[in-house]
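below are the sequence and a predicted model for it; my questions follow.
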Amino acid sequence: MGSHLDTVIDAGIYDGCYGVLSGLEVIETLKSAGFVPARAVAVATFTNEEGVRYAPDMMGSLVYAGGLSVEEALATVSTDGSILGRELQRIGYDGSEKPGFRKPHAYIELHIEQGPVLEREGVPIGAVQNVQGISWQRVIIEGDANHAGTTPMSMRRDAGHAAARVVAFLRDRARNSNTPTVATVGCMSFEPNVINVIPSRATFTVDLRDPDEQRLQAEERAIAAYLNELATAEGVTISVERLARFEPVTFDETIVHLVEEAASKRGLASKRMTSGAGHDAQMIARIAPSAMVFVPSIGGISHSPREYTPDADLVSGANILLDVVTRLAAR
Ligand SMILES: [Zn+2]
C-alpha cells in the first residue's frame, strides 16, 4: 500500500496523506485481529509525488520502479537552485539505509478522486482501472499584422482567427467522438495583442488526454493533419513543439475486480474509473500488479484548502483497502 505526504502550495489535507494513513490503519487493524499474512504487508510513502519543487513529479515511485536512479534523483536541482539531496539532509530526512527495491507482489493505492464524478453519481467507491495518457504541445501560428479597418476580410492572414479555429476543431472533435478523449487549449496569447490590429502571431497550448494509447496517437495525428490543412487554407505558417508525453497505464484486472468485490460485499456501490491525474500507482504498475481505490471529492475540488471528503467515505475507502489487502496478503 502507499501514497505520498508531500503536497502543493495551499493544498488540502487529503491528497496523498489519506492513502498513507489508511495504510497504517490497515496494518494496525490486521495486527489487532491476529491476521497472519502469507506475505509481508507494507506501507510506502513516496517522496515528491507532486513535483512542485523538483521535477519530475511521482519521483519517489519512479525511482522505486527503476525509472530513475537514486543518485540522479538526489542530484535534482530545483528552479530555486536548491538540490534535493541537500534539502533532505537539511530537514533530517536523508535516510542512511540503502533501499531494498523489492518487487512487490501487488500494490494498491487509496486516494481521493480529485474530480466530481463519484459525488455527482452518488457512488462511494471508485475502482480505478487505468490512468489516461497525456500529450502536451505548444503551437505557434504566424500570419501578418495589418490594419483592422482597411484590410479586406479576403486579404488577411489572421493568426488569431486560425488559432480560434483550432480551439473549435479540438472541442468539436472530442465532443463528437463518443470516446473519453479530452482536449483543452488552456493558454493562448496574441501578438501584437492590440484591438485594431490583425494578430500576426498566436501562441497556444494543446492538452490531449486519453486512456488508450492508439487513440491518443490518432488524436495527435488528427490535430497535426488539421494544422496542415489550416496553414494552406488560411495562408499562415504553423510550428509545433512537444512539451510532455506520458503513455496511458492500465491497472491489474484482478486487483480492480477485488476492489469491486470488496465494495459489493460491504453493500457499497462502486464504479470503474479512469484517473485523470497522475499517481504513484502508475509508476509501481511498471514492476508489479497495481490498482487504485478512489473516494469522492466534494465539488471535485483538490489542490485547494477546500478539498473535502466526508468521514463516512474516508472510512468506506479504508475498509475496501483493508479487504483487498487481506485477500492479496492471504493468497
Ligand atoms: Zn495525490
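Structure's in. What do you need?

any idea how many residues pack against R90?
When neighbours are defined as other C-beta atoms under 10 Å, R90 has 10 of them. (Each C-beta comes from the backbone N, C-alpha and C, glycine too.)

could you do V236 as well?
Neighbour tally, V236, other C-beta under 10 Å: 23.

what of the one 5 residues further on?
Burial of E241 is recorded as 10 neighbouring residues (other C-beta under 10 Å).

quick one: contacts for it?
137-140 (C-beta atoms under 8 Å, 6 or more residues apart in numbering).

restricted to buried residues, select the residues you listed in PyMOL.
Selection of the buried residues among the contacts of E241 in PyMOL, burial being defined by 16 or more other C-beta atoms under 10 Å:
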select buried, resi 137+139
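
need the contacts of E241 in CSV (columns: distance to S177 and pLDDT).
Converted to CSV, those look like this (distance: C-beta to C-beta, whole Å; pLDDT from 0 to 100):
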residue, distance to S177, pLDDT
Q137, 18, 90
R138, 23, 91
V139, 20, 97
I140, 26, 98
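
so which of the contacts of E241 sit within strands?
137-140 (DSSP state E).

sketch out the low-pLDDT regions of the stretch 201-331 of the chain for me.
Low-confidence segments of the stretch 201-331 of the chain (pLDDT under 70): 331.

90 instead?
242-246, 276-278, 331 (pLDDT under 90).

give me the beta-bridge partners of S239?
I140 (DSSP bridges).

contacting residues around it?
So S239 contacts 139-140, 142 (C-beta under 8 Å, 6+ apart).

touching, I27 and P37? I think so.
No. Using C-beta atoms under 8 Å, I27 is not in contact with P37, being 9.7 Å away.

if we can go back for a sec, possible to save the ones in strands among the contacts of E241 as JSON lines with distance to the ion?
Output for the ones in strands among the contacts of E241, formatted as JSON lines (distance: C-beta to the ion, whole Å):
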{"residue": "Q137", "distance to the ion": "25"}
{"residue": "R138", "distance to the ion": "26"}
{"residue": "V139", "distance to the ion": "30"}
{"residue": "I140", "distance to the ion": "33"}
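
tell me the one of those nearest M58?
Of all the ones in strands among the contacts of E241, Q137 has the smallest distance to M58: 21.3 Å, by C-beta to C-beta.

and the closest one, what does it touch?
205-206, 208, 220, 223, 240-243.

for the ion, what is the nearest residue in the stretch 201-331 of the chain?
Of all residues in the stretch 201-331 of the chain, H279 sits closest to the ion, at 6.0 Å by C-beta to the ion.

what of the stretch 51-200 of the chain?
Counting by C-beta to the ion, the stretch 51-200 of the chain gets nearest the ion through H111, at 5.7 Å.

in three-state terms, label that residue for me.
strand (DSSP: H, G, I helix; E, B strand; the rest coil).

neighbours around the residue nearest to it when sequence neighbours are not counted, how many?
Nearest non-adjacent residue to H111, counting by C-beta to C-beta, 6 or more residues apart in numbering: G19, 5.2 Å away. Using other C-beta under 10 Å, the number of residues around G19 comes to 31.

got it, and T29?
Neighbours of T29 (other C-beta under 10 Å): 16.

for R221, same thing?
10.

can you give me phi and psi for it?
phi -70, psi -40 (degrees, to the nearest 10).

who has more neighbours, I27 and P37?
I27 (18 against 13).

surely T45 is in a strand?
Yes. T45 sits within a strand when classified using three-state DSSP.

OK, contacts around it?
2-5, 20.

and what of L268?
Applying C-beta under 8 Å, 6+ apart, the residues near L268 are 124-125, 316, 320.

next one: A288
103-107.

repeat that with 6 Å
103-104, 107 (C-beta atoms under 6 Å, 6 or more residues apart in numbering).

just send the contacts of S239 back as CSV, with distance to T76 too.
Shown next, in CSV, are those (distance: C-beta to C-beta, whole Å):
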residue, distance to T76
V139, 29
I140, 30
E142, 36
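
so the residue nearest to H111 is in which element?
Following DSSP states H and E, one finds G19 within helix 17-32.

for that helix, packing partners?
strand 107-112, helix 311-330 (3 or more C-beta pairs under 6 Å, 6 or more residues apart in numbering; DSSP states H and E).

what does the first one contact?
By C-beta under 6 Å, 6+ apart, the list of residues contacting strand 107-112 from outside reads 1, 3, 14, 18-19, 22, 281, 284, 288, 290-293, 295, 297, 309, 317, 321, 324.
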